[in-house]
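1. generate a structure from the sequence data that follows.
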Amino acid sequence: MTTDTTSLPEGKREQNKAANRQAILDAATDIFTGIGYDAATVRDIIRGTDLAAGTFYNYFPDKESVFLALLNTTLTEINDKIQTDRAGVTTLEQYIEITFRVTFELVAHDPASIALLRRNAGTIRSMLNQSVFGANVADGIAHVEAAVAAGILPPIDADLLVNSMSGISFELSIRMADQDPPDIERYTKFATALVVGGIERLAKGAD
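-> Reported below is the predicted structural model:
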């Protein structure tokens, strides 16, 4: 059973909280991957941990919040890596290529993410209006606008570009997840050429 964190020193208490939360996320990953989000219950998740039943609700109000937390972890890791790898980028093609390559590499090298995506693709599509996605889209729009201002990208509708690239990344990641091994290069080249070609055509039309 979980430790009563209220009687622990502050540092140890925070460590236990983090460990409890991670235990819930790990169990949820297994459950959502095994039987799918729709069939899963909070009780199923709790059974996958050593925690007391009531402890779950100290961290999450329901199974949806756990699922969104898992997605947010993946999205944050992808976006942080994209921004790091974009440092020093000077061309449109580099900017777009990095976006797709980072996404496909992180998904392909994380078997848990691949399994979760494959098993729950429909559920994820139905949750695209959730704040976790909105926050990542808003961040992406800000970065695209900065790239336009810096002359890396031509003037373009940042909102439509980010949402389009997010959709391409998601759908191709799911398709790539069905491959063994995933062909990262093929998917990166295709997605990059598709988006770069579209941007260049839009730019010409604006002239």
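2. show me what the helix ranked longest in the chain is packed against.
-> The residue-count maximum for a helix in the chain (DSSP state H) belongs to helix 10-34. Other helices and strands packing on helix 10-34, by 3 or more C-beta pairs under 8 Å, 6 or more residues apart in numbering; DSSP states H and E, are helix 42-47, helix 63-85, helix 111-126. Every C-beta, even on glycine, is put in place using the N, C-alpha and C of the backbone.
3. could I get the ones you listed in CSV, plus columns for mean neighbour count, mean pLDDT and distance to Gly34?
-> Listed next are these as CSV, based on neighbours: other C-beta atoms under 10 Å; pLDDT from 0 to 100; distance: least, C-beta to C-beta, whole Å:
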stretch, mean neighbour count, mean pLDDT, distance to Gly34
helix 42-47, 17, 96, 9
helix 63-85, 17, 93, 14
helix 111-126, 17, 88, 8
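4. go through those helices and name the closest to Leu194.
-> Closest approach to Leu194 among these is made by helix 63-85 (17.7 Å; C-beta to C-beta).
5. and the angle from the closest one to helix 111-126?
-> 110 degrees (axes from the mean of the first three to the mean of the last three C-alpha atoms, to 10 degrees).
6. can I get helix 63-85 as CSV, trimmed to CA atoms?
-> Output of helix 63-85 as CSV, limited to C-alpha atoms (Å, rounded to 0.1, in the frame of the first residue of the first chain):
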residue,chain,number,x,y,z
LYS,A,63,-9.6,7.8,-16.2
GLU,A,64,-9.9,10.6,-18.9
SER,A,65,-7.5,12.8,-16.9
VAL,A,66,-5.0,10.0,-16.7
PHE,A,67,-5.2,9.3,-20.4
LEU,A,68,-4.7,13.0,-21.2
ALA,A,69,-1.7,13.1,-18.8
LEU,A,70,-0.1,10.3,-20.7
LEU,A,71,-0.7,12.1,-24.0
ASN,A,72,0.6,15.4,-22.6
THR,A,73,3.8,13.7,-21.5
THR,A,74,4.4,12.5,-25.0
LEU,A,75,3.4,15.8,-26.6
THR,A,76,5.7,17.8,-24.3
GLU,A,77,8.7,15.5,-25.0
ILE,A,78,8.1,15.8,-28.7
ASN,A,79,7.7,19.6,-28.7
ASP,A,80,10.7,20.2,-26.4
LYS,A,81,12.9,18.1,-28.7
ILE,A,82,11.6,19.9,-31.8
GLN,A,83,12.4,23.3,-30.3
THR,A,84,15.9,22.1,-29.3
ASP,A,85,16.7,20.7,-32.7
